[in-house]
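Student: coords below, sequence missing:
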């Protein structure tokens, strides 16, 4: 499928969860290529800091991705300040870690609200104007956890499988009207999201800048799915063909239960407090007010 070209020089890009980690790196990468960047985050101080780092090419916005009302307000403000949005990067996400039966319901609800409803609301808030113009690009940052089950991340897994399916289906629905939807699937990224988790030992790790580069690349390739590192593209085929007994052996060899058995709780405490602070505000109605990440 051929889509109308998007030149990032002069384009308007909205990045969610842009106050830190992958979102921050992506905002910088887009600005470095001449884009005007809407730096959107629930943590307004963090968004302001990133916009300040970038300079005149960026504006900061408060965004609660869990609510359509917050999305509509953020998009309206960004369009008024910068112009129509050419590229939407759905990056905001949370990753609580716990055995499935130990995870409190409210934490699981927060995970689904941020990681799934955040993308749904975002695409519904931004895509109609893109479709009317006949051009635009949406990049949703999912995870290889949207392809591979990881003990200790059951609800997170569910949210990322949902993100992959949502993006793939929206891509089909929008394609004939000039709007592309791509999914970037990072392996373990060295950010606060993975703090306290034992990385390495068969698990590829990457930096936020690697994911930002992949997001930028999709604006040119419009590729449906981009794993990072790229060699993991063969993962789908391997999982489909390998017998469960072999997959089990590989999991044991690389310590596949590490997210349950080997978490540094002290090292993860700050991140857990951030997720709990979101959850304590209560679960918002789909159209009402609330908090997100």
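Tutor: Alright, I've got the coordinates. Note that the structure is predicted; figures quoted are calculated from it, not measured.

Student: could you report the pLDDT at the residue positioned nearest the centre of the chain?
Tutor: Among the residues of the chain, the one closest to the centroid is residue 91, at 2.8 Å (Cα atoms, centre = their mean). For residue 91, the model assigns a pLDDT of 97.

Student: next: residue 149.
Tutor: 85.

Student: now it, what's its secondary structure?
Tutor: Under the three-state scheme (DSSP: H, G, I helix; E, B strand; the rest coil), residue 149 adopts coil.

Student: picking that back up, distance of the residue nearest to the centre of the chain relative to residue 27?
Tutor: 9 Å (Cβ to Cβ, to the nearest Å). All C-beta atoms are positioned from the backbone trio N, CA, C, and that covers glycine.

Student: which neighbours do the two share?
Tutor: With contacts taken as Cβ atoms under 8 Å, 6 or more residues apart in numbering, residue 91 and residue 27 have 15, 18 as neighbours in common.

Student: what's the longest helix anywhere in the chain in contact with?
Tutor: Counting residues, the longest helix found in the chain (DSSP state H) is helix 154-174. The contact list for helix 154-174 (Cβ under 8 Å, 6+ apart) reads 93, 95-97, 100, 103, 107-108, 111-112, 114-116, 119-120, 123, 127, 130-131, 138, 140, 142-143, 145-147, 149-150, 180-183, 185, 224-225.

Student: hmm, back to that, now the residue nearest to the centre of the chain: phi and psi?
Tutor: The phi and psi torsions at residue 91 (degrees, to the nearest 10) take the values phi -110, psi -30.

Student: any stretches of the chain with poor pLDDT?
Tutor: Low-confidence segments of the chain (pLDDT under 70): 190-203, 230-262, 264, 268, 281-293.

Student: pretty sure residue 9 sits in a strand.
Tutor: No. Secondary structure of residue 9 (three-state DSSP): coil, not part of a strand.

Student: can you get me a residue count around the closest residue to it other than its chain neighbours?
Tutor: Leaving out its chain neighbours, the residue that sits closest to residue 9 by Cβ to Cβ, 6 or more residues apart in numbering is residue 34, at 3.3 Å. Neighbourhood size, residue 34 [other Cβ atoms under 10 Å]: 12.

Student: next one: the one 3 residues further on
Tutor: Taking other Cβ under 10 Å as the criterion, the count of residues near residue 37 is 29.

Student: surely it touches residue 27?
Tutor: Yes. Counting by Cβ atoms under 8 Å, residue 37 does reach residue 27; the two are 4.9 Å apart.

Student: which neighbours do the two have in common?
Tutor: In contact with both residue 37 and residue 27: 13, 15, 18, 54, 58, using Cβ under 8 Å, 6+ apart.

Student: please tell me which one of the residues you listed counts the most neighbours.
Tutor: In these, the most neighbours by other Cβ under 10 Å go to residue 15, 36 neighbours.

Student: in contact with it, which residues?
Tutor: 23, 26-27, 30, 37-40, 89, 91.

Student: and the next helix or strand past the strand ranked longest in the chain?
Tutor: In the chain, ranked by residue count with DSSP state E as the criterion, the top strand is strand 179-186. Later in the chain than strand 179-186, the nearest helix or strand by DSSP states H and E is strand 188-189.

Student: all set, thanks.
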